[in-house]
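> task: produce atomic coordinates for the following.
(one chain, ligands or ions: 1)
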Amino acid sequence: MILNEKNLSAIGASLPIPKYKRSTLKTGIVHIGVGGFHRSHQAFYLHRLIQENTESDWGICGVGLREADRNMFNVLNRQDGLYTLITQHPNGTTENEIIGSISEYLLAVDTPQEVIEKMAHPNTKIVSLTITEGGYNFNATTGEFNFENPDVRHELAHPEEPKTVYGYLTSALRKRRSNSLPPFTIMSCDNIQHNGTIARKMLLAFAKKQDSELADWIEKEVAFPNSMVDRITPVTTQEVISDLKDVHNLEDQWPVVCEPFIQWVVEDNFSNGRPPLEKVGVQFVSDVTPYEKMKIRLLNAGHSVLGIPGAIHGHLTINDCINDKVFAVFMRHFMDEEVTPILGEIEGIDIEKYKDTLTERFSNPNIKDGVSRICSESSAKLPKFLIPTIEENLKTRGQIKCATFILAAWCYYSDMGKNENGLSLEIIDSQKEQLQKAANRTEANWTAFLNLQDIFGKLTDSQRFVSEYTTAVQLIYKRKNIRALMKELLG
Ligand code: CS2
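Numbers count the residues shown, from 1 in each chain. The predicted structure follows:
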């Protein structure tokens, strides 16, 4: 049976479905970047809220900005925005639930004006974003907005033809202002420290170039809460789709798999109201800094610390990596010696326990989170997850050996095109060519990879870093046994 509104009550005979009337939802949130994560996290929280509180009618309009979002557009349109969320517990128990909070979906490349109208609609109170770490368009070295981006150039010259998130946000905010409507809140949900502050800085830089009066209004009126979001959500496999069909006779073309753990900490700073998400466990705080730093520097970095050498060694998933003692000890050493000292005390949080739960979460055998997902877009991830930890440790003379080793391993990974078992490794990265080109020069010049200034920023000014990196990269290339080196590194 095809998953759609018409079949919903029949599907309800075997699976939990939305109890609310989806047709009465009002689009209060426009969300840009609907992928697995948005659907396992924010859309799930909203679904819970509406499910448990009959007076809540906050619906989500999903938006895809790029041609690459067409698949999601087709699937969600076919399924009336409905999808199955499959929660995989470590003991093998599975919970399936049909989520109904996405009530509309628009593809901006087809209907740009409709997207702007939707954002500018009086019912829209929040525009939220999961546009990935690379989507914010800032230079890693300077931290400033990148005006060289051809799409940005185009929309600055033709404000009526937006292309990036910044073009859409300014067009919609301009419309709201001229219609004397209050602005929406811009709520970033990406894994970037100070994600709201960064979204604000970038949008203001862009808007100033386009319309300085509008920029002043945005500066005064728009709230950009910072937030920390968390739920491990692997890529959906064909096997999961087939299982739903075989076991539940349900045709869902794009279900979402996730772990049971979920967390969302948000600064309570909204320009135009918000859903009462505290009713379903969202934590509203005045300052999210300690939470986001802890999560990004431990969980996200921990993933890369396992995933990059894991891919080289031939491990396929994060649970394969953490079940390998050498990898588990290496990750914990990195967390204990390189990250914990710079995190300091976090009120109300037991960091040792937090690290233990990460090991448990990474070990969930039913999540099967592919190392390829973790390694994808490392050029955008590592400057946010790992490199700041090295920078801080350089200042305090803290340890940098594990993190530096991972950067050297990443060079090798970018260069070799295959793992140590001879199987090919596909590099999924918007900077793939630059990475490969720089990495290919390594054996002629051991520090060639570090010339990627956009990624490494000022790290190369440190003699200590460059020398530790050089030692690591030479060993990795010469020994061709990443696992043995990880073991030796910790002595
Ligand atoms: C992962 C994250 O993409 C990555 O490298 O670390 O997607 C991670 O699974 C989520 O942030 C968990 O909340």
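> can you list the residues of the stretch 201-350 of the chain near the ligand?
230, 231, 232, 300, 303 (C-beta under 6 Å from any ligand atom). Just so you know, the C-beta spots here come from the backbone N, C-alpha and C atoms, and that holds for glycine as well.
> who touches the third one in this structure?
If a contact means C-beta atoms under 8 Å, 6 or more residues apart in numbering, then residue 232 has 258, 259, 261, 361, 364, 367, 369 as its contacts.
> filter these to the buried ones?
Neighbour counting by 16 or more other C-beta atoms under 10 Å classes 258, 259, 361, 364, 367, 369 among those as buried.
> tell me the contacts of the nearest residue to the first one once chain neighbours are set aside?
Yep, that's residue 258 we're talking about. Closest residue to residue 258 apart from its sequence neighbours, by C-beta to C-beta, 6 or more residues apart in numbering: residue 40 at 3.8 Å. Shown in contact with residue 40 (C-beta under 8 Å, 6+ apart): 85, 231, 233, 256, 257, 258, 262.
> what do you get if the cut-off is 7 Å, keeping everything else the same?
The contact partners of residue 40, taken as C-beta atoms under 7 Å, 6 or more residues apart in numbering, are 85, 231, 233, 256, 258.
> same check on residue 41?
229, 231, 262, 264.
> cool, residue 486 as well?
Per C-beta under 7 Å, 6+ apart, neighbours of residue 486: 309, 326, 327, 330.
> which one (most neighbours) among those?
Neighbour tally across these (other C-beta atoms under 10 Å): the maximum, 30 neighbours, falls on residue 309.
> pretty sure it contacts residue 409?
Yes: assessed by C-beta atoms under 7 Å, residue 309 is found in contact with residue 409 at 5.0 Å.
> just flag the most distant two among the buried ones among the contacts of residue 232.
258 and 361 (11.1 Å; C-beta to C-beta).
> ok, back up a step: tabulate the contacts of residue 41 in JSON lines, adding columns for distance to residue 274 and neighbour count.
JSON lines is the format used below for the contacts of residue 41 (distance: C-beta to C-beta, whole Å; neighbours: other C-beta atoms under 10 Å):
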{"residue": "229", "distance to residue 274": "15", "neighbour count": "22"}
{"residue": "231", "distance to residue 274": "20", "neighbour count": "21"}
{"residue": "262", "distance to residue 274": "18", "neighbour count": "19"}
{"residue": "264", "distance to residue 274": "12", "neighbour count": "21"}
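> save those as CSV, and put in distance to residue 137 and pLDDT too.
Listed next are the contacts of residue 41 as CSV, based on distance: C-beta to C-beta, whole Å; pLDDT from 0 to 100:
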residue, distance to residue 137, pLDDT
229, 20, 98
231, 26, 98
262, 29, 98
264, 25, 98
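> tell me which of those residues is nearest to the ligand?
Nearest to the ligand among the contacts of residue 41: residue 231, at 5.2 Å, using C-beta to the nearest ligand atom.
> surely the closest one touches residue 258?
Yes: using C-beta under 7 Å, residue 231 makes contact with residue 258 at a distance of 5.4 Å.
> any idea of the mean pLDDT in the helix or strand containing residue 216?
Assigned by DSSP states H and E, residue 216 belongs to helix 212-221. What helix 212-221 shows for mean pLDDT is 98.
> give me the contacts around it.
170, 173, 174, 177, 183, 203, 204, 207, 208, 271.
> for the stretch 301-450 of the chain, what spans make up the helices?
301-313, 318-322, 325-333, 340-343, 351-363, 371-375, 378-385, 387-396, 401-416, 432-440 (DSSP state H, counting those that start in this stretch).
> what comes up buried for the helix or strand immediately after the last one in the chain?
Right, helix 432-440. Sequence-wise, the next helix or strand downstream of helix 432-440 (DSSP H and E) is helix 453-456. Buried residues in helix 453-456, counted by 16+ other C-beta under 10 Å: 455, 456.
> check which element follows helix 453-456 along the chain.
That would be, after helix 453-456 and using DSSP H and E, helix 463-479.
> ok, residues contacting that next one?
390, 394, 400-401, 404-405, 407-409, 411-412, 442-443, 446-447, 450, 459-460, 482, 485.
> the closest residue to residue 103 other than its chain neighbours bridge partners, please.
Spatial nearest neighbour of residue 103, chain neighbours left out: residue 59 (3.8 Å); criterion: C-beta to C-beta, 6+ apart. Using DSSP bridges, the bridge partners assigned to residue 59 are residue 27.
> run a quick neighbour tally on residue 59.
So residue 59, with other C-beta under 10 Å, has 24 neighbours.
> I figured it hits residue 23, correct?
No: shown here, residue 59 and residue 23 do not form a contact pair, counting by C-beta under 7 Å, at 9.8 Å.
> name the element the closest residue to the ligand within the stretch 1-150 of the chain belongs to?
Closest to the ligand within the stretch 1-150 of the chain is residue 37: 6.5 Å, counting by C-beta to the nearest ligand atom. Assigned by DSSP H and E, residue 37 falls within helix 36-40.
> helix or strand right after that helix?
Downstream of helix 36-40, the first helix or strand assigned by DSSP H and E is helix 42-52.
> find the nearest non-adjacent residue to residue 166, please.
Going by C-beta to C-beta, 6+ apart, residue 166 has residue 206 as its nearest residue, at 4.1 Å.
> what about the one you found, distance to residue 346?
Separation of residue 206 from residue 346 (C-beta to C-beta, to the nearest Å): 34 Å.
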